[in-house]
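In: Have a look at this fold, sequence not included:
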DNA sequence: GGGGAGAGATGCCGC
DNA sequence: GCGGCATTTCTCCCC
């Protein structure tokens, strides 16, 4: 069993040495900043990183229940037989207090990691794919140069159709919703205004589209094209193919 | 120093007992699912929860670099003197492999927490505040009943101005952007169509608005009203007030 | 540093 | 389950 008095010293040392520290504890938590929160006593994992980032995780779920951004300063002290962790981010004007009732585990270690994650299959990769295979949109669709594209804002793919009508393609890697249609509409209107054109086509490229979004799309004279983002479920699809061969 | 062979057993036991486990290790990570990622060798903290959620944190930054959702199954085994953690979520068709080179620390514990966070100062609270103090929008603004509100969709506050013109108020707790204006526009148009009205006013209530959004708002004949969400920087403001008294 | 938009977004609530 | 939308969104990129 961990003595709170000992843990107080361990946390203090770990913070001073800029180590990453992990604390499993029964605690109460209060936060005040962009909003306010209270969390009554329960078991949580608290992670503090060398850049000052703090995360509080409950035993279930994906997202942290409380957190503080990098750049936060942390101090520990004792208060009426309680271990108190105070976190302040003065730039962000945010505050978080952890009142520790019991410590389940503690660890700290200097962690070294210069690697960056390589991620493939995002929306930019999807736009690249369409650039290289414009038939995915429709026959006769010709993308224009990348430079032209950035010039007129954040349009994913800009091109002309087989009748040389300027066409905006907005990519979504998920099921397209109302917001996606609104976004496409904004781009089309912006282009019509900036280029003084009467007709600019709008195409939404996504694996799926909701019924409401489809309706709004049609109301505005735009079109939907079903396109799967690259690398989507790649390993699953391979394993299924493997099974199918037997 | 931790022996990988020992840690393999510890992880296996912790998973079997549905404990929360924390692993500090040098590792490589590959992911395939909705996208694909590779992460070369480096030190990270890996958190696995009793519901199967997995989080991988690098030593810096707020967000996890890799993760798996609740419902994921985890197994450990040895492969060429390497400890390998394999995570599979068959419902989501997602896979994640962790190749452990060295273990810096490990802990596992059964965590109990039935508490839910209480958060105040979100957008719904902001809408409530406007309902109770309609003068925050403008003199003569009268909100209509909550039931009426839900009937026509997700309008934050629906009311009438001093000249009895139907008015949609969209709240944002942050600096309002182009998407916020588009959203307001969508609600106004939806209401005009469903009620057959020629004029419906649109008001964007937020602490700030970007210059572009302000312009688009004016182009469409809508208005901006500066409103701070409740509980915003409460503790900071109190401390400042305290200082000012001296 | 602000603005704009994506995210392996996630999570919540409604129907 | 899908749909619509907020999030203490966060993060990245570009100006």
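Out: Received the coordinates, thanks. Here the structure is a predicted model, which is why all the values come from computation and not from measurement. Numbering: from 1, shown residues only, chains lettered A, B, ... in the order given.
In: how about stretch A:39-51, does it reach DNA strand C?
Out: No - using C-beta under 7 Å from any atom of the strand, stretch A:39-51 never reaches DNA strand C; the gap is at least 12.4 Å. Where you see a C-beta, it was placed from the backbone N, CA and C, and this is true even at glycine.
In: Let me see the domain layout of chain A.
Out: Chain A breaks down into these domains under automatic domain parsing: A:4-109, A:123-226.
In: quick one: buried residues of the longest strand along chain A?
Out: The longest strand of chain A (DSSP state E) is strand A:94-109. Residues A:94-100, A:103-109 are the ones in strand A:94-109 that count as buried (16 or more other C-beta atoms under 10 Å in any protein chain shown).
In: got CSV for the residues you listed, with distance to DNA strand D too?
Out: Compiled in CSV, these are given as follows (distance: C-beta to the nearest atom of the strand, whole Å):
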residue, distance to DNA strand D
A:94, 6
A:95, 10
A:96, 7
A:97, 12
A:98, 11
A:99, 15
A:100, 17
A:103, 21
A:104, 21
A:105, 22
A:106, 21
A:107, 22
A:108, 21
A:109, 21
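In: Which single one of those is nearest to residue A:5?
Out: When the buried residues of strand A:94-109 are ranked by distance to residue A:5 (C-beta to C-beta), residue A:103 comes first, at 10.3 Å.
In: circling back to that earlier point, quick one: which of the buried residues of strand A:94-109 is nearest to DNA strand C?
Out: residue A:94 (15.5 Å; C-beta to the nearest atom of the strand).
In: dump the residue contacts of the closest residue to that closest one other than its chain neighbours.
Out: Sequence neighbours aside, residue A:33 is the residue nearest to residue A:94 in space, at 3.0 Å (criterion: C-beta to C-beta, 6 or more residues apart in numbering or on different chains). Shown in contact with residue A:33 (C-beta atoms under 8 Å, 6 or more residues apart in numbering or on different chains): A:89, A:92-96, B:233, B:235-236.
In: Identify, from those residues, the entry nearest to residue B:121.
Out: residue B:233 (9.5 Å).
In: Spatially nearest residue to the closest one (excluding sequence neighbours)?
Out: residue A:93 (5.0 Å).
In: pLDDT (mean, whole number) over the longest strand of chain A?
Out: Average pLDDT, strand A:94-109: 98.
In: What is it packed up against?
Out: helix A:4-16, strand A:20-32, strand A:36-48, strand A:66-68, strand A:82-89, strand B:20-32, strand B:94-109, helix B:234-244 (3 or more C-beta pairs under 8 Å, 6 or more residues apart in numbering or on different chains; DSSP states H and E).
In: What pairs with it, parallel or antiparallel?
Out: Looking at strand A:94-109 with DSSP bridges, its partner strands are strand A:20-32 (antiparallel), strand A:82-89 (antiparallel).
In: What residues of the shortest one count as buried?
Out: When you say that, I think you mean strand A:82-89. Quick answer for strand A:82-89 (16+ other C-beta under 10 Å): A:83-85, A:87-89.
In: Is that strand in proximity to DNA strand D?
Out: No - judged by C-beta under 7 Å from any atom of the strand, strand A:82-89 stays clear of DNA strand D, getting no closer than 8.8 Å.
In: any idea of the angle that strand forms with helix B:234-244?
Out: Using axes from the mean of the first three to the mean of the last three C-alpha atoms, to 10 degrees, one finds that strand A:82-89 and helix B:234-244 are set 90 degrees apart in direction.
In: Quick one: distance of strand A:82-89 to the chain centre.
Out: Counting by C-alpha atoms, centre = their mean, to the nearest Å, strand A:82-89 is centred 28 Å from the centre of its parent chain.
In: what does it rub up against?
Out: Contacts of strand A:82-89 (C-beta under 8 Å, 6+ apart): A:4, A:7-8, A:11, A:33, A:46, A:52, A:54, A:68-69, A:71-78, A:94-101, A:103.
In: Could you list the single helix or strand in chain A with the lowest mean pLDDT?
Out: Across the helices and strands of chain A, mean confidence by mean pLDDT, DSSP states H and E is lowest for helix A:146-151: a mean of 70.
In: so how far is residue A:180 from the residue lying closest to residue A:98 once chain neighbours are set aside?
Out: Spatially, and ignoring its direct neighbours in sequence, residue A:98 is nearest to residue A:85 (4.1 Å; C-beta to C-beta, 6+ apart). Computed with C-beta to C-beta, to the nearest Å, the distance linking residue A:85 and residue A:180 is 42 Å.
In: what's the answer for residue A:157, then?
Out: From residue A:157 to residue A:180 the distance is 14 Å (C-beta to C-beta).
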